[in-house]
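Chemist: sharing a model prediction with you, sequence too.
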Amino acid sequence: MRSPFFFASAAVITLGGMGLAAAAPSLAQTAAISYTSGAASSDDDQVNRALQQASELRVKVDFAGALSLCRHALAIDKTSCDAYAEMAETLAAQGQNAEALKMFREACGENRAQTWSSCRMQDGDLQFRFALFLLKEGGYEEAVKMYKVGYSVLPERQRTLVNGKFSSKELLSAPALRREFEAAVRTSLGIKYSELMLVDRAVSQFRTVLASVPGEPTAHYLLGNALLLKGRKNEAQQAWQVAASGSNGSVKNYAREALAQNR
């Protein structure tokens, strides 16, 4: 989902593991921009606000309210991929998995009867969200397919931080690999949320990974980057220290450089 309050600054060009973590921008250094070029239209603003509120209500288990807001967003823009995805997650939270599957397919352009298109369909975050749903439902083949679509559009430096090689046969036969796959999907989704300045959502994904794999260095490194954006420098340093001490290669180097730049 695209928030109407994205911020762009030269200080955050390394978001999501692109390399070094830069200092968090101040409000005076940032300027609100829309996801697309130019100012967001009034309709875009209304859709974004409705979906943000829907997400908040879903977390509060007010599913009826969340679905109502999703329908309101679709009444404004029937081609909103994010509205279909938010509706899918709300339906899934209620156990209405068949309907959730239909909405996810609509969001990602997988519905063959779909007659509309959107540039949002191949951004990656929609596919990662769908992959998490499919993994839970045992749809490993399509989950891997969705993950690979999202993975393919991550910048090259970010792809080096996450495993992109999974097969449905392996997921079917190895529960441990399914946990690894989920961690990779959530990490990638966190990277996308960081890019979009949906920092709370990014932090949530990285923390979910760490709850399952407490010492995972990449998640610690990326969590540090996201926490810095929230102005929580001490916590960011702690996360980078774990990443620097628990890994080798690029993640270790990135974490050390982040610590050096943000003493």
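Modeler: Thanks, I have it.

Chemist: check which helix or strand covers the residue nearest in space to the middle of the chain.
Modeler: Geometric centre of the chain, nearest residue: L189, 2.9 Å, by Cα atoms, centre = their mean. Following DSSP states H and E, one finds L189 within helix 175-195.

Chemist: stretch 156-172: end-to-end distance?
Modeler: End-to-end distance of stretch 156-172 (Cα to Cα, to the nearest Å): 28 Å.

Chemist: mind listing what's buried along it?
Modeler: The neighbour-count check on stretch 156-172 (16 or more other Cβ atoms under 10 Å) flags 158-159, 161-162, 166, 171 as buried. C-beta here means a position set from N, CA and C on the backbone, and glycine is covered the same way.

Chemist: pipe those into JSON lines and attach distance to N48 per row.
Modeler: Below are the buried residues of stretch 156-172 laid out as JSON lines (distance: Cβ to Cβ, whole Å):
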{"residue": "Q158", "distance to N48": "25"}
{"residue": "R159", "distance to N48": "28"}
{"residue": "L161", "distance to N48": "29"}
{"residue": "V162", "distance to N48": "28"}
{"residue": "F166", "distance to N48": "32"}
{"residue": "L171", "distance to N48": "34"}
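
Chemist: what is the nearest of those residues to E195?
Modeler: Among the buried residues of stretch 156-172, Q158 lies closest to E195 (Cβ to Cβ), at 8.7 Å.

Chemist: surely that closest one meets I191?
Modeler: Yes: the pair Q158 and I191 passes the contact test of Cβ atoms under 8 Å, sitting 5.5 Å apart.

Chemist: E106 touches E86, doesn't it?
Modeler: No: assessed by Cβ under 8 Å, E106 is found out of contact with E86, at 11.6 Å.

Chemist: wait, what's in contact with F63?
Modeler: Shown in contact with F63 (Cβ atoms under 8 Å, 6 or more residues apart in numbering): 57, 90, 93-94.

Chemist: check H72 too.
Modeler: A50.

Chemist: check A243 too.
Modeler: The neighbours of A243, taking Cβ under 8 Å, 6+ apart as the test, are 217-218, 220-221, 224, 251-252, 254-255.

Chemist: what does M146 give?
Modeler: Counted by Cβ under 8 Å, 6+ apart, M146 has contacts 108, 127-128, 130-131, 134.

Chemist: now the strands for this protein?
Modeler: Taking DSSP state E, the strands of the chain run over residues 6-8, 31-33.

Chemist: I'd like the average pLDDT over the last one.
Modeler: In this model, strand 31-33 has an average pLDDT of 25.

Chemist: low-confidence ranges in the stretch 51-200 of the chain?
Modeler: For the stretch 51-200 of the chain, the stretches flagged by pLDDT under 70 are 112, 114-122.

Chemist: that one: helices as residue ranges?
Modeler: Using DSSP state H, counting those that start in this stretch, the helices found in the stretch 51-200 of the chain span residues 63-76, 81-93, 97-108, 125-137, 140-152, 156-159, 168-173, 175-195, 199-212.

Chemist: I'd like those laid out as TSV, including distance to R232.
Modeler: Output for the helices of the stretch 51-200 of the chain, formatted as TSV (distance: least, Cβ to Cβ, whole Å):
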stretch	distance to R232
helix 63-76	28
helix 81-93	27
helix 97-108	32
helix 125-137	23
helix 140-152	27
helix 156-159	22
helix 168-173	35
helix 175-195	14
helix 199-212	9
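
Chemist: still on that earlier bit, among the contacts of A243, list the two that are farthest apart in space.
Modeler: Greatest spatial distance in the contacts of A243: G224 and K252, 12.9 Å, computed using Cβ to Cβ.

Chemist: what's the neighbour count on Q52?
Modeler: 18 (other Cβ atoms under 10 Å).

Chemist: could you measure from it over to L198?
Modeler: Distance, Q52 to L198, by Cβ to Cβ, to the nearest Å: 10 Å.
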